[in-house]
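Participant: Take a look and give me a structure for this.
(one chain, ligands or ions: 1)
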Amino acid sequence: SRVVAPCVRAYSSYPMSHDKIANPKDATNFINGKFVPSKATKWFDIHDPATNNLVSRAPQSTPEELKAAVDAAAAAYPEWSRTTILSRQQIMFNYVRLIRENWDRLAASITLEQGKTFEDAKGDVLRGLQVAESACAIPHQLLGTNLPVAKNMETRAYRVPLGVIASICPFNFPAMIPLWSIPLVTATGNTLVLKPSERDPGATMILAELAKEAGLPDGVLSVVHGGHDTVDFILDEPRIKAISFVGSNRAGEYIHSRGSANGKRVQANLGAKNHAVLMPEANKNHALNAIVGAAFGAAGQRCMALSTLVTVGDSKEWMSELTELAKGLKVNGGFEKGADLGPVISPQARERIEGLIESATADGATIALDGRGFRPEKYPNGNFVGPTIITNVKPGMKCYDEEIFGPVLVVLHAETLDEAISIINNNRYGNGAAIFTNSGPVAAKFEREIEPGQIGINVPIPVPLPMFSFTGNKDSIRGDINFYGKAGLDFYTQFKTVTSLWRAEDATETRASVVMPT
Ligand code: NAD
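Facilitator: Reported below is the predicted structural model:
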């Protein structure tokens, strides 16, 4: 009864509901501008996390299919890299318009395959769309430099593309993270082979369809699927010059070391444990609402989720109010009106998260709010975990040391700001940290002394917009060039520097000069 989606509009039939789909369609490869059904023998089932009904399958693309995608990307590169910057800009304008027109369709695919609420899925699309919008300014961004360096002599420096790039994406932002690479890779004149997460490739397939409709020539963007085998193919394929990876430390450290050993550029954004410091002089209402939203939104499955709270001094008295706010959140299927958070991605993820909550009790912490076993009435088979708050947590406990990636807030206490800063700086991760305070000097001290690379002052999830870059540090990143913004363009390009002597006939030398010019 399975229907392979042969056509361009591969996912347009996704409903805006969690009802069982009668004929789930398999994801196809997208190679050389065509949606090609895979000849895979191994498939990854994709379930609606709210019901665990099958909604699609992703193939483990075969070695021939993977090679065909790189062949197409390598063949498209020479001509694409020579297209004018203004024609690439026009395609970006089209792409932005089409993403806007297909916003709900993209978001529906995300809610169905990934689980987050429909409103939050729209935000997922928006944050990717903004990168595509920033790529519309590519002629300005790629302006080079030019300097007269001697008589009749000038040096020009400008950026050129690298060739074939690969992007390997995680499950938690099915639109935003593919869009961290698609617009910037292609606008800079490179070609791209993208592997979405095998758990929710639907949004990427729509983005590929829209890229074609926007005018991206065949082969400039290809999409392949799979898990470890596809990643190993990418890591070892010599024609791939650079890899953008976003995902866990386990996968990312492996990808960074093997990709780098094979001579590729690798940028890898990894896991996190983001802390919020709650100062007693903070605006309580703003701070508590911001912390609850950022800890539990997207069921905590954001790399910038505020998963750790450090109360300072008397702000610990506010914990019962924080717990009440968390209790008030509605956990439900992502298409349900009023849902604040949906399920987590899989039954295995739920089990792992509940195991970490369990470990907290064994380690001597206190479960102030327990979301284990929560089941919305309409969705008894989904992977739901209710908002959970664990207090009396200390570094060294498993629930503190590990990234939980679920709707769980762990709470530590510090008597002073210095103590809070030292807790955060001793953590291995460095994606983000926030402080809630109404004191300028306190905020300034925090900003100066805190190590993580993205800081929020009364802002819970300080992810920079694409005119800046995503600047996590420490164990939240491998490689040293950040995603999107100026750094993202640097990652996808290399400099050519040209020194020219104009009017060579004016040169006065009569013999070869063998010394360095002094
Ligand atoms: P993941 O590492 O399991 O998967 C990411 C990608 O790597 C997928 O495409 C997957 O197929 C592949 N992969 C998985 N295991 C692999 C292995 N052993 N070898 C080779 N490839 C492998 O990550 P996920 O669960 O999809 O995403 C969640 C993680 O991503 C969290 O740790 C989160 O913090 C992180 N993340 C980080 C950022 C950031 O910008 N720092 C953003 C989003 C997510």
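
Participant: wait, isn't residue 506 in contact with residue 150?
Facilitator: No: Residue 506 is beyond contact range of residue 150, at 11.8 Å (criterion: Cβ atoms under 8 Å). To be clear about C-beta, it is placed using only N, CA and C from the backbone, and glycine gets the same treatment.

Participant: mind checking how far residue 354 is from the ligand?
Facilitator: 17 Å (Cβ to the nearest ligand atom, to the nearest Å).

Participant: Checking my notes, that residue in a helix, right?
Facilitator: Yes: using DSSP: H, G, I helix; E, B strand; the rest coil, the secondary structure at residue 354 is a helix.

Participant: I'd like to know how many residues surround it.
Facilitator: 19 (other Cβ atoms under 10 Å).

Participant: Could you do residue 97 as well?
Facilitator: 14.

Participant: Can you give me every residue that contacts it?
Facilitator: residue 214 (Cβ atoms under 8 Å, 6 or more residues apart in numbering).

Participant: Could you say which helix or strand holds it?
Facilitator: Using DSSP states H and E, residue 97 maps to helix 85-101.

Participant: Counting neighbours, which bits of that helix end up buried?
Facilitator: The neighbour-count check on helix 85-101 (16 or more other Cβ atoms under 10 Å) flags 85, 88-89, 91-92, 94-96, 98-99 as buried.

Participant: Mind pulling up the pLDDT for the residue of the stretch 151-300 of the chain found nearest the ligand?
Facilitator: For the stretch 151-300 of the chain and the ligand, the shortest gap (Cβ to the nearest ligand atom) falls at residue 247, measuring 2.7 Å. Confidence at residue 247, expressed as pLDDT, is 98.

Participant: I figured it hits residue 256, correct?
Facilitator: No: the criterion here is Cβ under 8 Å, and residue 247 misses it with residue 256 at 11.0 Å.

Participant: what touches both of these two?
Facilitator: In contact with both residue 247 and residue 256: residue 268, using Cβ under 8 Å, 6+ apart.

Participant: Contacts only, for the residue nearest the centre of the chain.
Facilitator: By Cα atoms, centre = their mean, the mean C-alpha position of the chain lies nearest to residue 177, the distance being 3.8 Å. Shown in contact with residue 177 (Cβ under 8 Å, 6+ apart): 128, 169-170, 246.

Participant: Quick check on it: phi, psi?
Facilitator: Main-chain dihedrals, residue 177, degrees, to the nearest 10: phi -80, psi -40.

Participant: would CSV of the buried residues of helix 85-101 with pLDDT be doable?
Facilitator: Formatted as CSV, the buried residues of helix 85-101 follow (pLDDT from 0 to 100):
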residue, pLDDT
85, 97
88, 98
89, 98
91, 98
92, 98
94, 97
95, 98
96, 98
98, 96
99, 97
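
Participant: which of the residues you listed lies closest to the ligand?
Facilitator: Using Cβ to the nearest ligand atom, those come closest to the ligand at residue 99, 19.5 Å.

Participant: Return the residues in contact with the closest one.
Facilitator: Residue 99 neighbours (Cβ under 8 Å, 6+ apart): 106, 125, 128-129, 132, 179, 207, 210.

Participant: How much space separates it from residue 333?
Facilitator: 25 Å (Cβ to Cβ, to the nearest Å).

Participant: just to revisit the earlier point, secondary structure and pLDDT added to the contacts of residue 99, as CSV?
Facilitator: Compiled in CSV, the contacts of residue 99 are given as follows (DSSP: H, G, I helix; E, B strand; the rest coil; pLDDT from 0 to 100):
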residue, secondary structure, pLDDT
106, helix, 95
125, helix, 98
128, helix, 98
129, helix, 98
132, helix, 98
179, helix, 98
207, helix, 97
210, helix, 96
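
Participant: Taking these, please make a PyMOL selection of just the buried ones.
Facilitator: Only the buried entries of the contacts of residue 99 go into this PyMOL selection, using 16+ other Cβ under 10 Å:
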select buried, resi 106+125+128+129+132+179+207+210
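
Participant: Out of the contacts of residue 99, which is nearest to residue 284?
Facilitator: residue 125 (33.1 Å; Cβ to Cβ).

Participant: Tell me the helix or strand right after the worst-scoring helix or strand of the chain on mean pLDDT.
Facilitator: When the helices and strands of the chain are scored by mean pLDDT, DSSP states H and E, strand 3-4 comes last with a mean of 36. Toward the C-terminus, strand 3-4 is succeeded by strand 25-26 as the next helix or strand (DSSP H and E).

Participant: Sheet partners, orientation included, of that next one?
Facilitator: Counting by DSSP bridges, the strands paired with strand 25-26 are strand 3-4 (parallel), strand 54-59 (parallel).

Participant: So which of the ones you listed is the most surrounded?
Facilitator: Highest mean neighbour count among the strands paired with strand 25-26 (mean count of other Cβ atoms under 10 Å): strand 54-59, with a mean of 23.

Participant: tell me the strands in the stretch 101-250 of the chain, going along the chain?
Facilitator: 145-150, 153-161, 164-168, 191-195, 221-223, 240-246 (DSSP state E, counting those that start in this stretch).

Participant: Which among these is found nearest to residue 49?
Facilitator: It is, among the strands of the stretch 101-250 of the chain and with distance given as Cβ to Cβ, strand 240-246, at 19.8 Å.

Participant: Now do the helix ranked longest in the chain: distance to the chain's middle.
Facilitator: In the chain, ranked by residue count with DSSP state H as the criterion, the top helix is helix 63-82. How far helix 63-82 lies from its chain's middle: 24 Å, per Cα atoms, centre = their mean, to the nearest Å.

Participant: quick one: pLDDT of the nearest residue to residue 278 once chain neighbours are set aside?
Facilitator: The shortest distance from residue 278 to any non-neighbouring residue, by Cβ to Cβ, 6 or more residues apart in numbering, is to residue 315 (4.4 Å). Looking at residue 315, its pLDDT stands at 98.

Participant: so who does residue 315 touch?
Facilitator: Per Cβ under 8 Å, 6+ apart, neighbours of residue 315: 278-280, 282.

Participant: In the residues you listed, find the pair that's most separated.
Facilitator: 278 and 280 (8.0 Å).

Participant: more neighbours, the two?
Facilitator: residue 278 (28 against 17).

Participant: So the more buried one sits against residue 306, correct?
Facilitator: No: Residue 278 is beyond contact range of residue 306, at 10.6 Å (criterion: Cβ under 8 Å).

Participant: So residue 41, which state does it fall into?
Facilitator: Under three-state DSSP, residue 41 comes out as coil.

Participant: So that it lines up with my notes, have the first residue be 35 from now on.
Facilitator: Let's use 35 as the start, then, which means that last one is residue 75.

Participant: count of residues packed around it?
Facilitator: Neighbour tally, residue 75, other Cβ under 10 Å: 8.

Participant: and the longest helix of the chain, anywhere near the ligand?
Facilitator: No: on the criterion Cβ under 6 Å from any ligand atom, helix 97-116 is out of touch with the ligand, staying 13.4 Å away.

Participant: which outside residues touch that helix?
Facilitator: With Cβ under 8 Å, 6+ apart, helix 97-116 has contacts from 63, 65-66, 70, 72-74, 95, 194-195, 197-198, 220, 223-227, 251-254, 256-258, 260, 264, 267-268, 271, 273-274.

Participant: Near the ligand, which residues of the stretch 135-284 of the chain are found?
Facilitator: Residues of the stretch 135-284 of the chain lying near the ligand (Cβ under 6 Å from any ligand atom): 202-207, 229, 231-232, 261-262, 265, 280-282, 284.
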